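Enquirer: could you look at this predicted model? Sequence included:
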Amino acid sequence: MDWVNAIVQGTLLGGLYALFAAGLSLIFGVMRLVNIAHGDLIIFSAYLGLTVVMATGLHPLLALIIAVPAMAAIGYALQRGILNHTLGDDLLPPLLVTFGLSVILQNGLLEVYTADPQKMDAGVLETASFSIGDLQLGVLPVLTFGVAVAVIASLQWVFYRTAMGRAFRAVSDNQEIAQLMGLNRRHIFGLAMALALAVTAVAGILLGIRTSFDPSVGGGRLIFGFEAVIIGGLGNLWGTLAGGVILGVAQTIGAKIDPGWQILAGHIAFLIVLAIRPQGLFPRISG
Amino acid sequence: MADPLLQITGLDAHYNDFQALYGVDMHLDEGEVLAIIGSNGAGKTTLMRSISGLMTNGAAQLQYRGQPIGSLRADQVAGLGIALVPEGRQLFPSLSVEENLLIGGRLGRTGPWSLQTVFDLFPILEERRTVPSTSLSGGQQQMVAIGRALMANPVLILFDEISLGLAPVVIKSIYNALPNIVGKGMSAMIVEQDISKALSVSNRVYCLQEGRVSLEGASQGISRESISHAYFGIK
């Protein structure tokens, strides 16, 4: 039973990792940009949520109403103002610029919020649980997983059922020909980053309710996000969810064997997938 | 007489240090069909890329209805009603046939062309509307590329190497469809290797040679000798 419990808890944890990863996956899929600052943007969102909660007294989940559009606006401005200028045939400039952005974000957060760990108070939601048979499930992890599934399903719908998604795919296929269709790629990239950071805001606030955070922990979230994307297969959103779940389950099983092995077990699972199937478990599906 | 639809004046185009076009002068009147002929490397595709905005040029070198458009981006040029059927089809592989057509119509310009009229022109595309565009034959892909450009209801449509790499029977069916396309008042520029085909569908013809206009004239009655002189540079 303990093992079943570990797998179920790991699956739920995987929902959070999928949320970390969804924005990365979307950005890479549309514009081939590897965003090194993604983890720090998650932590930035958590601080943004914290600030909204402190200023307004809202419940952290209601802070999403402000944080999601705010992060989307920041994403659009960031893309149009900085990142678009780094995109081209060379992959290195966007890597370097987002690495620099990561350093700036960490130090900026350190200046404003200090290095003290922070946490958002979500009241009874944090500890509430229910049982199914012998399993005890926390309401927050179940909610997080449900949100992850809903976010992935929504992104999938946007990509494959809307005019905006068609534009994303067209620009991703061939930027030059997409311009001939009247698509301004700079604007399309801005919209993609806005969407990615809107998801990041959800991930950051759920993270901030679940655990404590400080300005230095963004790098770890970036790694988990990357691993989920690579395990699932690049460009496949449902694959990203599966990747997050595999990573989460590996971590909880590792922790079950020995508490010190939690993170290591996740990395080992990632390396095994990378060695056996470098293209990921579910490479890009079409249409 | 009114301004021509498109006036090209002293058009230069460069790829880094390489100059592909040297002071090209051309004009295209409303409703006219131009054929652009010339050997490989004469600058035909460069001319198409310059007009459609994929290459930037001096603003006044290209004038569309009296407006300078030479320095506009491709998406801005598309918004003015100039559509390009690019060399080699260049469909979007992750979009279905229907989605490729729909994205061509996303500018929302009004006119005779819609999904239904494109399907009427090329009925095979309606049968295959949901399949990925990459699973079509070359000829069917060319139909999608033409339909995608028509969906924008352009004023001017540019065809780059319309029959390159297609079977003769397919080329014939595409040329049979052309009068239905340009017959609706649309202006067109057709880049074509097959000179007799190009002459048969056009009003006037320009020949490019090494980046310069080497011949201009009415398509009917232009002599074979003058074309081969202009084509190969034989004096």
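Expert: Now that the structure is in, tell me what you want to look at. Numbering: from 1, shown residues only, chains lettered A, B, ... in the order given.

Enquirer: next, the nearest residue to residue A:66 once chain neighbours are set aside: phi, psi?
Expert: Nearest residue to residue A:66, sequence neighbours excluded (CB to CB, 6 or more residues apart in numbering or on different chains): residue A:52, at 5.0 Å. From N, CA and C alone the C-beta is placed, and that goes for glycine too. Note on residue A:52: its backbone torsions stand at phi -60, psi -40 [degrees, to the nearest 10].

Enquirer: residues in contact with residue A:52?
Expert: Applying CB atoms under 8 Å, 6 or more residues apart in numbering or on different chains, we find residue A:52 in contact with A:58, A:63, A:66, A:67.

Enquirer: doesn't residue A:59 belong to a helix?
Expert: No: assessed with DSSP: H, G, I helix; E, B strand; the rest coil, residue A:59 is coil; it does not lie in a helix.

Enquirer: residues touching it, list them.
Expert: Counting by CB under 8 Å, 6+ apart, residue A:59 touches A:53, A:122, A:123.

Enquirer: which SS state does the closest residue to the second one other than its chain neighbours fall under?
Expert: Once flanking residues are discounted, residue A:122 sits nearest to residue A:209: 4.5 Å by CB to CB, 6+ apart. Classification of residue A:209 by three-state DSSP places it in helix.

Enquirer: can you list the residues of chain B near chain A?
Expert: When proximity is defined as CB under 8 Å from any CB of the partner chain, chain B approaches chain A at B:52-54, B:73-75, B:78-79, B:83-84, B:86, B:90, B:92-96, B:99, B:102-104, B:106-107, B:132, B:148, B:152.

Enquirer: and for residue A:162, the neighbour number?
Expert: Counted with other CB atoms under 10 Å in any protein chain shown, the neighbours of residue A:162 add up to 11.

Enquirer: in the chain, which spans are helices?
Expert: Reading this off chain A. A:2-31, A:38-56, A:64-81, A:92-113, A:139-161, A:163-173, A:175-180, A:185-210, A:218-232, A:237-257, A:262-276 (DSSP state H).

Enquirer: hm, I was asking about chain B
Expert: B:44-52, B:74-79, B:97-104, B:115-121, B:123-127, B:138-150, B:168-182, B:195-201, B:224-232.

Enquirer: of those helices, which approaches residue A:141 most closely?
Expert: Checking the helices of chain B against residue A:141 by CB to CB gives helix B:97-104 as the closest, at 37.9 Å.

Enquirer: need the contact list for the closest residue to residue B:187 other than its chain neighbours.
Expert: Nearest non-adjacent residue to residue B:187, counting by CB to CB, 6+ apart: residue B:156, 4.6 Å away. For residue B:156, the contact set (CB under 8 Å, 6+ apart) comprises B:5, B:6, B:28, B:64, B:81, B:82, B:83, B:186, B:187, B:188, B:189.

Enquirer: same list (the residues you listed) but as JSON lines, adding neighbour count, distance to residue A:172 and pLDDT.
Expert: Below are those laid out as JSON lines (neighbours: other CB atoms under 10 Å in any protein chain shown; distance: CB to CB, whole Å; pLDDT from 0 to 100):
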{"residue": "B:5", "neighbour count": "20", "distance to residue A:172": "34", "pLDDT": "96"}
{"residue": "B:6", "neighbour count": "23", "distance to residue A:172": "32", "pLDDT": "97"}
{"residue": "B:28", "neighbour count": "22", "distance to residue A:172": "34", "pLDDT": "96"}
{"residue": "B:64", "neighbour count": "22", "distance to residue A:172": "30", "pLDDT": "97"}
{"residue": "B:81", "neighbour count": "20", "distance to residue A:172": "26", "pLDDT": "96"}
{"residue": "B:82", "neighbour count": "28", "distance to residue A:172": "24", "pLDDT": "97"}
{"residue": "B:83", "neighbour count": "28", "distance to residue A:172": "21", "pLDDT": "97"}
{"residue": "B:186", "neighbour count": "21", "distance to residue A:172": "30", "pLDDT": "92"}
{"residue": "B:187", "neighbour count": "23", "distance to residue A:172": "32", "pLDDT": "95"}
{"residue": "B:188", "neighbour count": "23", "distance to residue A:172": "30", "pLDDT": "96"}
{"residue": "B:189", "neighbour count": "25", "distance to residue A:172": "29", "pLDDT": "96"}
